[in-house]
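Visitor: The following block contains a protein sequence and its predicted model.
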Amino acid sequence: MIALVPVKTLDRAKSRLAGTLDPPGRVRLMHDTLRRTLQALKGVEAIAEIAVITRDAEVSQWAQEWGARVVHERDDGLNESLRDARLQLGDADAVLVVPADLGWLDGDDIRAMAALAGEGRAVIIAPDRHERGTNALLLRPPDIIDFRFGADSAHAHAALAQSQGITPQWYRSSSISLDVDEPSDLALYGAAPYLL
């Protein structure tokens, strides 16, 4: 399995937190959540390679320091960048897409998703705490469905799977459901270190 971790440029990251965090605070938050995400992924035996998808030079440096490969993000959006990375990384039998802002991601979440997928064809969706966004997406094989990240992506991925005769499976846990996008998410994650 390969893990793809998309990261926006730092000047665009966490824009919905602009009223709560100043730009250095948002950069610190991205540094922390990306580091935690990569650490969780690195501890999972089933993951053969981790690739961070970004256009940001500083994010690229962090990723390389933490042992991840860097894939350059395309200008035409996240879904196209994921398709491109999936092609570049070649022969994996499964792909896992995990955003970089999952503050509480745990390796056990990834192991549980891999166990749900088994060895056959599978679409595993881990929704956010609002049951709208996709906080992790496991596809076996990697091209079993297309990527549909964006508004209400969890249901878009499920509908796409169903339209192709695949029953999607849902994985929910408190640790994978928190993506730090809104002030209420930041309050759950623990805002204090980023407000200094």
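Guide: Cool, got the structure.

Visitor: Just give me the longest helix of this protein.
Guide: helix 23-42 (DSSP state H).

Visitor: Looks to me like residue 131 is in a strand.
Guide: No - secondary structure assignment (DSSP: H, G, I helix; E, B strand; the rest coil) places residue 131 in coil, not in a strand.

Visitor: Correct me if wrong: it contacts residue 153.
Guide: No - using C-beta atoms under 8 Å, residue 131 makes no contact with residue 153, being 11.3 Å away. Glycine gets a C-beta too; all of them are placed from N, C-alpha and C.

Visitor: lowest-confidence helix or strand of the chain?
Guide: Counting by mean pLDDT, DSSP states H and E, the chain has its least confident helix or strand at helix 183-189, which shows a mean of 73.

Visitor: buried sites along that helix?
Guide: Buried residues in helix 183-189, counted by 16 or more other C-beta atoms under 10 Å: 185-186, 188-189.

Visitor: out of residue 131 and residue 153, which sits in the more crowded spot?
Guide: residue 153 (21 against 12; other C-beta atoms under 10 Å).

Visitor: and the more buried one, what does it touch?
Guide: 132-134 (C-beta atoms under 8 Å, 6 or more residues apart in numbering).

Visitor: Repeat the analysis, applying 6 Å as the threshold.
Guide: Contact partners of residue 153, counting by C-beta atoms under 6 Å, 6 or more residues apart in numbering, are 133-134.

Visitor: pLDDT on stretch 106-125, on average?
Guide: Averaged across stretch 106-125, pLDDT comes to 94.

Visitor: Endpoints of it, how far apart?
Guide: 16 Å (C-alpha to C-alpha, to the nearest Å).

Visitor: what's that stretch in contact with?
Guide: Against stretch 106-125 from outside (C-beta under 6 Å, 6+ apart): 40, 43-44, 46, 134, 137-138, 140, 144-145, 154, 157, 161, 166, 168-171, 173, 175-176.

Visitor: Name the residues of it that are buried.
Guide: Buried-residue list, stretch 106-125, by 16+ other C-beta under 10 Å: 106-107, 109-110, 112-114, 117, 122-125.

Visitor: Looking at the residues you listed, which are in helices?
Guide: Per DSSP H, the buried residues of stretch 106-125 map to helices at 107, 109-110, 112-114, 117.
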